[in-house]
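Trainee: Sequence and predicted model, in that order:
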Amino acid sequence: MSKVPLKNVKGDSVGDFEVADGLLLQDKGAQAVHEAVVAYLAHQRAGTASTKSKSEVAGSGKKPWAQKGSGRARAGYKQSPVWRGGAVAHGPQPRKYKKKVSKKVARLAFRRAFSAKVAQGEVLVIDALQLEVPKTKAFAVVLSNLGLDRGGLFVVDTVQENVNLAARNIECVEVVTADLVNTYQILRHKQLVITEAGMKVLSARLGEEGGEG
């Protein structure tokens, strides 16, 4: 069993939360983590960058002037990439950047990422996360009580509306449900804060052949 600190939102320690060793993995999965993160970032790319080729630039194919006799440099068409208003040579075209990652690799990556956080002491479990008012100041108090001056990733079973509204304007803070959190989110944040209810959902994911990344 690995133990992680258990606190309330006031910052008071209320014991330790035990994470079963069967849910953790340290001896493999580094390459899977790399593949999962690269795939996630690739999926975020719009792939809409586009430039016009010679065939797409407006204009006829008429030669601008005679090959010889004008004293000017020879030119064959005004759509030339050399000319102002011409085409772009080898420019970007719309494309899909998506990369495929198998479920097995994604699960391995998720499990390894979470295990690394536990091993580094960057996981904190809190009894619950609820706010009476949807105020940024109220959430800032929670961060201060927990000693999270650099923010963190809050993993809950369900996101309370007040919490969502209060946290969205704070830099380096993200609130996500345990059934949707992914490998990239876990690694992106220095501190991982999980509610007890969220930890139950997360444990179930980790137990299903290592969770899904």
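Mentor: Yep, that arrived. Residues are numbered from 1 along each chain as shown.
Trainee: Can you identify each of the strands in this protein by residue range?
Mentor: Counting by DSSP state E, the segments of the chain that form strands are 2-7, 13-19, 123-126, 152-156, 173-177, 192-195.
Trainee: just checking, what packs against the longest one?
Mentor: Using 3 or more Cβ pairs under 8 Å, 6 or more residues apart in numbering; DSSP states H and E as the contact criterion, the secondary-structure elements in contact with strand 13-19 are strand 2-7, helix 196-207. Yep, even glycine has a C-beta here, placed from its N, CA and C like the rest.
Trainee: Adding mean neighbour count, distance to K68 and mean pLDDT, write the ones you listed out as TSV.
Mentor: What follows is the helices and strands packed on strand 13-19, written out as TSV (neighbours: other Cβ atoms under 10 Å; distance: least, Cβ to Cβ, whole Å; pLDDT from 0 to 100):
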stretch	mean neighbour count	distance to K68	mean pLDDT
strand 2-7	16	81	94
helix 196-207	18	74	94
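Trainee: Got the phi and psi for the residue in the chain sticking out farthest from the centre?
Mentor: Ranked by distance from the centre of the chain (Cα atoms, centre = their mean), the top residue is G69, with 61.0 Å. Backbone torsions of G69, given as degrees, to the nearest 10, read phi 100, psi -20.
Trainee: And for V101?
Mentor: Dihedral angles (degrees, to the nearest 10) for V101: phi -130, psi 130.
Trainee: hang on, the earlier thing: quick check: the residue farthest from the centre of the chain vs K78, distance?
Mentor: 19 Å (Cβ to Cβ, to the nearest Å).
Trainee: Repeat that for F110.
Mentor: F110 sits 55 Å away from K78, going by Cβ to Cβ.
Trainee: So between those two, which is more surrounded?
Mentor: F110 (27 against 18; other Cβ atoms under 10 Å).
Trainee: neighbours of K10, just the number please.
Mentor: 12.
Trainee: Quick check: it touching N145?
Mentor: Yes - in terms of Cβ atoms under 8 Å, K10 counts as a neighbour of N145; the distance is 5.4 Å.
Trainee: For S55, which of the helices and strands packed on strand 13-19 is the nearest?
Mentor: Nearest of those to S55, taken as Cβ to Cβ: helix 196-207 at 50.3 Å.
Trainee: quick check, distance from the closest one to the centre of its chain.
Mentor: 20 Å (Cα atoms, centre = their mean, to the nearest Å).
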